[in-house]
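Q: Take this sequence and fold it.
(one chain, ligands or ions: 1)
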Amino acid sequence: MSDNILKNQLAEAAQVLASRLEGRSPEIAIILGSGLGPLAEQVEDAVYVPFGEIPHMKCSTATYHVGRFVCGMLAGKCVLVMQGRLHGYEGNSAQEVAFPVWLMHLVGVRTLVTTNAAGAINETYRVGDFCIMSDHINFTGRNPIVGTEPNEIAFRFFSMKDAYDPELRALARSIAEREGIPVQEGVYLGLLGPSFETPAEILAFRAWGADTVAMSVVEEVIAARHVGMRVLGMSLCSNMACGIEGASPSDEEVFEVAQRRQPDFCKLVTEIVREM
Ligand code: HPA
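A: Numbering: from 1, shown residues only. Here you go, the predicted model:
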């Protein structure tokens, strides 16, 4: 898609979303991954905007992804939550996956907290641990900036060094430690899915330096850095990755662990938002 078309679509979408926020000015966006949506219920004085009511935006079709924006107050801050996200495996292009991130930037958001459930490749991690992303490997084979024209939305060549903000990572780690919530920090590998990986793929990813793996986040983070947003990425290790300790991941296991770890997830993200 040409950047001009994309830019016009974003402007139209931003006008609609801004009007639906009824005067709220969110500074922080939170994208809630698989099974992690219930945090949105803790947002106070909330307005709800289904993705389908935003022009040019795709709807969420994935299990456990409600597919709406929730805007209101969390821990004293105005937040814009995506209760559910868009994935490449649903048939969305990389730009369609990135669209809501650019959109949230246009309505004033400057910090993105993006979360997901992920498989743990690193054998020292345990199911139920949280993992702060220190960096990523984009193994989706796609990039949302492809096809954008120079300097329309933003300059297309930008550094991905420290894409995951070092200060926000340190803040998240110190809050988790203070609250007694088990937390790791490692390299996340994002791929297209939707089949889970083979054991051979997981061994290859481990040799590349990946600690966790899942089917989201990387397109969002690239889009966020494209427009200069600060990013914090955090996974819940919902399972050991395929073949690690004999694991064979399933959607049911991911959801069951996400449900079980919900209270600590809500506490951790809420406290991070409070201290941002
Ligand atoms: N692989 C890919 N995506 C995932 C996994 C996994 O093991 N767990 C949760 N999402």
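
Q: Leaving out chain neighbours, which residue sits closest to the one residue in the stretch 51-200 of the chain that gets nearest to the ligand?
A: Residue of the stretch 51-200 of the chain nearest the ligand, by CB to the nearest ligand atom: G119 (2.2 Å). Glycine gets a C-beta too; all of them are placed from N, C-alpha and C. The shortest distance from G119 to any non-neighbouring residue, by CB to CB, 6 or more residues apart in numbering, is to A241 (3.5 Å).

Q: Check what pLDDT that neighbour gets.
A: pLDDT, A241: 98.

Q: Report the contact partners of it.
A: By CB atoms under 8 Å, 6 or more residues apart in numbering, the residues touching A241 are G119, A120, I121, E197, I202, F205, T212, V213, A247, P249.

Q: Start from the N-terminal end of the stretch 151-276 of the chain and give the helices.
A: For the stretch 151-276 of the chain, the helices defined by DSSP state H, counting those that start in this stretch cover 166-179, 199-208, 218-226, 251-275.

Q: Nearest approach to L32 belongs to which of these?
A: helix 251-275 (8.7 Å; CB to CB).

Q: got a list of contacts for the closest one?
A: With CB under 8 Å, 6+ apart as the test, helix 251-275 has contacts from 28, 30, 33-36, 38-39, 42, 63-64, 74-77, 79, 113, 115, 117, 127-128, 130, 168, 171-172, 175-176, 179, 181, 183, 232, 234, 236, 238-239.

Q: how far off helix 166-179 does it point, in degrees?
A: Helix 251-275 and helix 166-179 are oriented at 100 degrees to each other (axes from the mean of the first three to the mean of the last three CA atoms, to 10 degrees).

Q: starting at the chain centroid, how far to helix 251-275?
A: On the basis of CA atoms, centre = their mean, to the nearest Å, helix 251-275 sits 13 Å off its chain's mean C-alpha point.

Q: Over to R24: give its phi and psi.
A: phi -70, psi 140 (degrees, to the nearest 10).

Q: and it, how many residues sit next to it?
A: 18 (other CB atoms under 10 Å).

Q: Now do the contacts for it.
A: Residues V47, C71, G72, C78 are the ones in contact with R24 under the rule CB under 8 Å, 6+ apart.
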